[in-house]
Every structure is written in structure tokens, then in C-alpha cells.
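Peer 1: Need a 3D model of the following:
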Amino acid sequence: MTEVKAVDNAGLGLYATKAYKAGEIILQETPLIVFAPKKPEQVAAVRNQFQNIKGDKTISQSRSSAIYDLSIPATIEDDQKHEFRGMLLAAASYALVEDDAIKAKVQTLYAPTTNTNTCNKYENEVVSLSEDVISFLKRQVQPDTKLHNLVHKSTDECQKIMLIWSCNAFKGGYLYETTS
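Peer 2: From the prediction side, this is the model:
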């Protein structure tokens, strides 16, 4: 049905080995984790981990991100703000996961090394941005939260989660064990 092939200058790609009809399901998988909470209680849990969230700790359904109103540092380039917010949301969402088996599965997914001497240009940019996010989080998380513990006590794990999100998550923050 599919095969993995090397793609010049892009790593690996998944290719169909037969013709599919429009609308035909090729692969179906339940997300391992969703880094973009939608339920009001999940959104509130994410927002409550941050200091300096504008307004109340809830979000309207019309907003696309639980942290849409969190002020991003002016030093972050406009073309990096979406990824910066995504990394913030990935760390905050992951911190709330209570199932250690899910966390262990997430940790097995691909993330570039933080050794920028062995990374390509894109990976170096992502690693650098994740370092900026860590610095930001150290200043902006509420004390005595799960995110505070992740950032301050497990910094390497926190950074790895952001890198996993950056390299594996699909639109809407969906992360899959097999497809990712």
C-alpha cells in the first residue's frame, strides 16, 4: 500500500504503491497526543500555567490557540512567532499529560539533536528557537505548576518535546505514534 523512499535533500517520504480513489482512507490512527487543547477545561489548564496572560483564563471558541494572547518577545522574528507559540503550547500541553506510557511513546519520536554541529540549517533554526522558548518559559510560567516543574527540573525533556512537536505534529497539534 505504501513504501518509504529517500527524497533528495528532504530525508524520507511516504509513497503510495497503488492508485487510491479520492476520499479513500489510506491510514487511520488515533492521535497519541493533541498539543492544541479545544475543551474549555483543557484550555483553562494550559492557560493557568502561564503568568501574564491577558484577560481571563478562558478562551472563546473563535480563537485558534489557547495562548493566542500571550505576549511573544519582540526579539522573535514575525516568521517565527507561530512556531514559537506552537512550542509553548506543546510544552504546556505535554506537562499536563498524566499517563507515563503516553509520555514514553512521545519521547520515542524523532527530534533533532541539540548539537548544532550535526544538524542541518532548518534543524539548527528549530533548536535555536527552542532555546529561546525555554528562556521565555523560565520567566513566564506560574510557580508550582506542572509546566514549571518540566521547564525547571527537566529542561532537556521540555526542549525535546518542543523539537518533537516541531518535526512531527500535524495541523491542529495532532501527534501520532505511527504516522508522525
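
Peer 1: State the mean pLDDT of stretch 36-50.
Peer 2: Mean pLDDT, stretch 36-50: 90.

Peer 1: Residues contacting that stretch, please?
Peer 2: For stretch 36-50, contacts defined as CB atoms under 8 Å, 6 or more residues apart in numbering pick out 53, 57-59, 65-67, 70, 89, 92-93, 95-96, 140-142, 145-148, 172-174. C-beta coordinates here come from the backbone N, C-alpha and C atoms, glycine included.

Peer 1: Now do residue 78: how many residues are near it, please.
Peer 2: Close neighbours of residue 78, defined as other CB atoms under 10 Å, add up to 7.

Peer 1: let me redo that: residue 89
Peer 2: 23.

Peer 1: tell me the secondary structure for it?
Peer 2: helix (DSSP: H, G, I helix; E, B strand; the rest coil).

Peer 1: shouldn't it be in contact with residue 65?
Peer 2: Yes: contact criterion CB atoms under 8 Å: residue 89 and residue 65 qualify, at 6.4 Å.

Peer 1: Counting only strands, which of the contacts of stretch 36-50 make the cut?
Peer 2: Judged by DSSP state E, those include residue 174 as members of strands.

Peer 1: And the helix or strand of the chain with the lowest mean pLDDT, what does it pack against?
Peer 2: When the helices and strands of the chain are scored by mean pLDDT, DSSP states H and E, strand 11-16 comes last with a mean of 79. Packing contacts for strand 11-16, counted by 3 or more CB pairs under 8 Å, 6 or more residues apart in numbering; DSSP states H and E, involve strand 2-7.

Peer 1: Partner strands of the strand it packs on, with direction?
Peer 2: strand 11-16 (antiparallel) (DSSP bridges).

Peer 1: Now find how far off-centre stretch 79-87 is within its chain.
Peer 2: 10 Å (CA atoms, centre = their mean, to the nearest Å).

Peer 1: now stretch 147-160
Peer 2: Centroid separation for stretch 147-160 versus its chain: 14 Å, with CA atoms, centre = their mean.

Peer 1: and it, which residues are buried?
Peer 2: Applying a neighbour-count criterion of 16 or more other CB atoms under 10 Å, one finds 147-148, 150-151, 158-160 buried in stretch 147-160.

Peer 1: In helices only, show me these.
Peer 2: Among these, the members found in helices (DSSP state H) are 147-148, 150-151, 158-160.

Peer 1: and the top helix by length along the chain, what other elements does it pack with?
Peer 2: Ordering each helix of the chain by length in residues (DSSP H) puts helix 121-140 first. Helices and strands touching helix 121-140, as assessed by 3+ CB pairs under 8 Å, 6+ apart, comprise helix 81-95, helix 146-153, helix 155-168.
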